[in-house]
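A.B. asks: from the sequence below, what's the structure:
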Amino acid sequence: MRRFAGWGILFLAITAAVAAQQPDFSKVQIKVTKVAGTVYLLQGAGGNIGVSVGEDGIVVVDDQFAPLAQKIQAALKGITDKPVRFVINTHWHGDHTGGNAYWQQQAPIIAQENVRKRLEEGGTVLGRNVPPAESGALPIVTFNDRASVYLNGEEIRAIHFPHGHTDGDSVIYFTKSNVVHMGDDFVTYGFPFIDLDSGGSVEGMIAAVEKVIATVPPDAKVIPGHGGLSTVADLKPFVEMLKETSARVAAGIKQGKTLEQLKQEKVLAGYEKWSGDFIKTDSFIETLYNDLTGKQPHQFTPHN
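C.D. replies: So this is what the prediction gives:
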């Protein structure tokens, strides 16, 4: 199992305002990878960026952190001189939307309507308050179920999958290039972060991943929210893990077991390889327990 790199751990913590000090963004390098067709993958710090490049201009999916905006701009200039035409947010977390205010000076930001709502109101992530975003960072084009951008010879389709990682998740499908950007409904660092405070749920994440497996071609390239370029085949063990682990915790709840009993009994034995530096096994048990019992987390502790 590929693990979430140290930078990623630190930056997601910053998104939730739990980091004690600002990192040195000057050390972050933007890595550019050609994926397929018009699509490139940009990796720096925070969520993966998907980019469509062609004669019509650039479509950017997610934009990481504000201090990295000029580095990301320079990386795009290394690919093409065409302008950015649209930016799409896969969800509201700051490691995917932190550059919104910068990019919206160049192009409109598109997102599912719950993304704008949560950015506008602020909220709680990882047990800490996230303040409302500045007005310039709010998406100015929103949609409910789906939206399409027709650019660079293909339909770039954003589809809302409710209550997965959050309640505003969009999976982005570059239809001609045969590439899908999963946002944080699929990550490669191990157990995923399911943001219950933002309307996420394990059932919704399972539904999202299963729908993608069933509808995109099996040879499609997959950009995870965090981690290296993946395939549709990589989605299958991920969703099976979600189904089996949630079933085990649900069975324990049905038997009247407490959260502490489930942890002590090692209810997820056999899934140790999914325990990462960010979401460890006990933390994932706690997420599943809170989700399945309808309890909201008061203080999420990812490093249990």
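A.B. asks: in the stretch 101-250 of the chain, which spans are helices?
C.D. replies: 113-121, 202-215, 232-254 (DSSP state H, counting those that start in this stretch).
A.B. asks: can I get the second one in CSV? Just the C-alpha atoms.
C.D. replies: This file holds the C-alpha atoms of helix 202-215, laid out as CSV (Å, rounded to 0.1, in the frame of the first residue of the first chain):
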residue,chain,number,x,y,z
VAL,A,202,-18.7,5.4,4.2
GLU,A,203,-21.8,4.3,2.4
GLY,A,204,-21.6,7.3,0.1
MET,A,205,-17.9,6.8,-0.6
ILE,A,206,-18.6,3.1,-1.4
ALA,A,207,-21.4,4.2,-3.8
ALA,A,208,-19.2,6.7,-5.5
VAL,A,209,-16.4,4.3,-6.1
GLU,A,210,-18.6,1.5,-7.2
LYS,A,211,-20.4,3.8,-9.7
VAL,A,212,-17.1,4.9,-11.2
ILE,A,213,-16.0,1.3,-11.6
ALA,A,214,-19.3,0.4,-13.3
THR,A,215,-19.4,3.4,-15.7
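A.B. asks: the inter-axis angle of it versus helix 232-254?
C.D. replies: Here helix 202-215 runs at an angle of 150 degrees relative to helix 232-254 (axes from the mean of the first three to the mean of the last three Cα atoms, to 10 degrees).
A.B. asks: can you point out the buried residues in helix 202-215?
C.D. replies: Using 16 or more other Cβ atoms under 10 Å as the test for burial, helix 202-215 gives 202-209, 212-213. Every C-beta, even on glycine, is put in place using the N, C-alpha and C of the backbone.
A.B. asks: with the shortest one instead?
C.D. replies: For helix 113-121, the buried set under the neighbour-count rule, 16+ other Cβ under 10 Å, comprises 114-119.
A.B. asks: of those, closest to residue 71?
C.D. replies: The nearest member of the buried residues of helix 113-121 to residue 71, counting by Cβ to Cβ, is residue 119 at 22.5 Å.
A.B. asks: nearest residue to residue 286 in space, please, no chain neighbours.
C.D. replies: Closest residue to residue 286 in three dimensions, ignoring its sequence neighbours and counting by Cβ to Cβ, 6 or more residues apart in numbering: residue 259, at 6.2 Å.
A.B. asks: how confident is the prediction for the one you found, by pLDDT?
C.D. replies: The per-residue pLDDT reported for residue 259 equals 98.
A.B. asks: sketch out the low-pLDDT regions of the stretch 201-304 of the chain for me.
C.D. replies: Residue ranges of the stretch 201-304 of the chain with pLDDT under 70: 296-304.
A.B. asks: save the buried residues of helix 113-121 as JSON lines, and put in distance to residue 153 and pLDDT too.
C.D. replies: Output for the buried residues of helix 113-121, formatted as JSON lines (distance: Cβ to Cβ, whole Å; pLDDT from 0 to 100):
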{"residue": "114", "distance to residue 153": "30", "pLDDT": "98"}
{"residue": "115", "distance to residue 153": "27", "pLDDT": "98"}
{"residue": "116", "distance to residue 153": "29", "pLDDT": "98"}
{"residue": "117", "distance to residue 153": "33", "pLDDT": "98"}
{"residue": "118", "distance to residue 153": "33", "pLDDT": "98"}
{"residue": "119", "distance to residue 153": "31", "pLDDT": "98"}
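A.B. asks: from those residues, pick the one nearest residue 47.
C.D. replies: Taking Cβ to Cβ as the measure, residue 47 lies nearest residue 115 of those, at 13.0 Å.
A.B. asks: any idea how many residues pack against the residue nearest to the closest one when sequence neighbours are not counted?
C.D. replies: Nearest non-adjacent residue to residue 115, counting by Cβ to Cβ, 6+ apart: residue 168, 4.2 Å away. By the measure other Cβ atoms under 10 Å, the count of residues near residue 168 is 30.
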